[in-house]
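Asker: Below is the sequence, then the predicted model.
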Amino acid sequence: MKKISFILVFILMHFNAVSQTKKQDTLHQQKNIDFNYKALIIPASLIGYGTLSLYNDKLTNGDASIRNNINSDNEKTFPLDEGTQSLAFLSVYGLNLFGVKGKNNFKDRSIVLATAYLIMGTSVTVLKRTTHRQRPNQTGFTSFPSGHTATAFMGAEFLYQEYKDVSPWYGVSGYFIAAGNGYLRMYNNKHWFSDVVAAAGIGILSTKIAYWVQPFFKDLFSKKQTATKTAVVPYYNKNEMGLAMSMSF
């Protein structure tokens with residue numbers, strides 16, 4: 001019960017941080033944050049389901065059943081999940097490079113992406129260490145939640161937010177890729193179904209929070225008199241893939 005209480009408090013802290021940011025923004029009569037509580041329903045439900053699975057026998061048995069149906073102890077794996085986790089958010093920069101303009105310019109969207117990545121990465125790391133759930137392939141105790149899936153859905157929401165006014169199909173494609181990544185994590189016997197579900201919620205919520213607090217950061221950086229240079233570079237080694245961001249003022 002201590003673990004589940006910690007997780008709920010951790011989630012509530014994210015919600016409270018967004019709420020406090022909105023209040024401060026109103027008091028200082030700055031640009032309003034486009035905050036909508038209804039947008040929390042889907043990601044909160046996904047995170048809630050994943051959290052309950054840690055302590056609910058029926059959901060745990062459901063995880064095992066889904067794992068057996070998908071994997072069936074098949075030793076064949078498809079390592080595409082290593083690359084597809086970053087495909088959605090990289091597509092935003094690729095589309096812009098080919099002249100398809102999105103919602104924000106390079107600097108603003110890079111700040112949003114870096115913020116979302118920080119929130120997502122911190123959440124995943126803390127929850128992995130706190131829940132200590134064993135992976136289905138028994139290679140470690142960092143199963144909950146899936147970091148790859150969280151990254152994929154973070155990118156899918158990022159792609160959707162940037163290009164939803166251009167075409168809804170960009171968002172659909174991003175979520176299709178993210179769902180495929182989650183499926184591969186289960187097929188490759190790296191994660192349980194509930195790991196993937198919770199990770200999807202964390203990824204989506206992280207990006208939404210990043211856009212909600214964007215006006216604050218935009219106002220902060222606009223006050224700088226010197227030019228700001230931002231560079232976002234993906235990195236990959238044999239063990240992990242991630243995103244590096246460099247900013248000079």
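Answerer: Thanks, I have it.
Asker: where in this protein is pLDDT low?
Answerer: In the predicted model of the chain, residues 1-35, 72-75, 221-249 satisfy pLDDT under 70.
Asker: which residues of it fall in strands?
Answerer: In the chain, the strands defined using DSSP state E lie at 229-236, 241-248.
Asker: what sits against the spatially most central residue of the chain?
Answerer: Computing the C-alpha centroid of the chain and ranking residues by C-alpha atoms, centre = their mean puts Gly203 first, at 1.9 Å. Residues counted as contacts of Gly203 (C-beta atoms under 8 Å, 6 or more residues apart in numbering) are 120, 149-157, 178. Every C-beta, even on glycine, is put in place using the N, C-alpha and C of the backbone.
Asker: Please report the distance of it from Phe98.
Answerer: Distance, Gly203 to Phe98, using C-beta to C-beta, to the nearest Å: 25 Å.
Asker: Thr77 now?
Answerer: Per C-beta to C-beta, Thr77 is found 33 Å from Phe98.
Asker: Also Tyr160?
Answerer: The value you get for Tyr160 to Phe98, if C-beta to C-beta is used, is 18 Å.
Asker: and what of Gly83?
Answerer: Between Gly83 and Phe98 the distance, using C-beta to C-beta, works out to 20 Å.
Asker: Comparing the two, which residue is more hemmed in?
Answerer: Between Gly83 and Phe98, counted using other C-beta atoms under 10 Å, the more crowded position is Gly83 (12 against 7).
Asker: ok, the contacts of Gly203 vs His191, which is closest?
Answerer: Closest approach to His191 among those (C-beta to C-beta): Thr149, at 7.2 Å.
Asker: Tell me how many other residues surround that closest one.
Answerer: Other residues near Thr149 number 31, with proximity taken as other C-beta under 10 Å.
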